[in-house]
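>>> return atomic coordinates for the entry below.
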Amino acid sequence: MERLQKLIANAGVCSRRAAEKLILAGRVTVNGRVVTELGSGAEPSDEVAVDGDVITVPKRHRYVALHKPAGVVTTRKDPEGRETVYDLLYAEDVALHPVGRLDRDSTGLLLLTNDGELTHRLTHPRYGVEKVYQVWTRPWPQKAMLAKLRRGVELEDGPAVPKAARIAAPDSYEVTVAEGRNREVRRIFEALGLEILLLRRVRIGPIGLGHLKEGKARPLRPDEVDRLRELVGLRAPG
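Residues are numbered from 1 along each chain as shown. The predicted model follows:
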């Protein structure tokens, strides 16, 4: 027997934490019976459904890197009809879920997978996975502002201090964070009174954006998957 939230995540419906919310909201059934207890599990022969749709757990995991453009939302369906990251994927990848998010105006590296346990660990603050961003601002980077950036700022949900910060080019900063808080980098710069012209995520753990063109996706190489899983204490996938 396996826990429901893990089954749902492995089916590519959403991350494990999001699956827990679905269970608590009474949106999950096992053999037609609504289940709301997080400790509940199911056998491979059981019929598990989310919002009435029966899930299918894939036999193999898939891992994809996407270069998200600005103006594209990180969601499966958008009520306003805006373009989503799923409009940029091949048909075989539409069942994957994003590992974390990038807000609509941000660009750069987004990972998608149907590996629920990896998603959980990459996004959980306990594992401290580093994410690197390049940020173009107005006014241009200055050493005095860099010093303030390194000291951190006070946000409404507590202090935010980057793990690292430097001037990457005459017109941009490079910032590393590991907490995974919502829109953390954007809020840090706004708190410093800087106007963000462009915010791009260029690295998640050992995976870099590299030369992947905007709007394009590629499968991760086996060695990249192994490094990601090793980073968060998981064995190589079977």
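
>>> domains of the chain?
According to automatic domain parsing, the chain comprises the domains 2-54, 63-125+207-231, 130-204.

>>> ok, which stretches of the chain are helices?
4-10, 16-24, 116-123, 143-151, 184-191, 222-231 (DSSP state H).

>>> which of those sits most buried?
Most buried of the helices of the chain, by mean neighbour count (mean count of other CB atoms under 10 Å): helix 4-10, with a mean of 24. C-beta coordinates here come from the backbone N, C-alpha and C atoms, glycine included.

>>> contact partners of that helix?
Residues outside helix 4-10 that contact it (CB atoms under 8 Å, 6 or more residues apart in numbering): 14-20, 22-23, 28, 30, 35, 38, 40-42, 48, 50, 55, 57-58, 61, 97, 114-117, 119-120.

>>> in TSV: the helices of the chain, plus distance to Tyr90.
Converted to TSV, the helices of the chain look like this (distance: least, CB to CB, whole Å):
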stretch	distance to Tyr90
helix 4-10	20
helix 16-24	23
helix 116-123	20
helix 143-151	39
helix 184-191	29
helix 222-231	18
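
>>> ranking those helices by mean pLDDT, which is last?
Mean pLDDT is lowest for helix 4-10 among the helices of the chain, at a mean of 83.

>>> who touches the spatially most central residue of the chain in this structure?
By CA atoms, centre = their mean, the chain has its centre lying nearest to Gly100, at 1.7 Å. Neighbouring residues of Gly100 by CB under 8 Å, 6+ apart: 110-111, 122-123, 131, 180, 204.

>>> minimum pLDDT in the residues you listed, which residue is that?
Gly180 (78).

>>> isn't that residue right up against Arg121?
No. Counting by CB atoms under 8 Å, Gly180 stays clear of Arg121, with 11.2 Å between them.

>>> and for the two, which residues touch both?
The contact lists of Gly180 and Arg121 share Val129, where a contact means CB under 8 Å, 6+ apart.

>>> distance from the chain centre to the longest strand along the chain, please.
Taking DSSP state E as the criterion, the chain has its longest strand at strand 195-204. Centre-to-centre, strand 195-204 and its host chain are 15 Å apart (CA atoms, centre = their mean, to the nearest Å).

>>> number the chain from 37, please
Shifting the count to begin at 37 puts that one at strand 231-240.

>>> got the angle between that strand and helix 258-267?
Going by axes from the mean of the first three to the mean of the last three CA atoms, to 10 degrees, strand 231-240 is angled at 100 degrees with respect to helix 258-267.

>>> got any ranges where this protein has weak pLDDT?
80, 93-95, 272-274 (pLDDT under 70).

>>> can we see that at 50?
274 (pLDDT under 50).

>>> next, Val135: phi, psi?
Backbone torsions for Val135, taken as degrees, to the nearest 10, come to phi -90, psi 90.

>>> return the distance of it relative to Leu58.
According to CB to CB, to the nearest Å, Val135 and Leu58 sit 18 Å apart.

>>> swap in Val84?
11 Å.

>>> Val135 and Glu153 touch, don't they?
No. Contact between Val135 and Glu153 fails when scored by CB under 8 Å: they sit 11.6 Å apart.

>>> overlap in contacts, the two.
Joint contacts of Val135 and Glu153 (CB under 8 Å, 6+ apart) do not exist.
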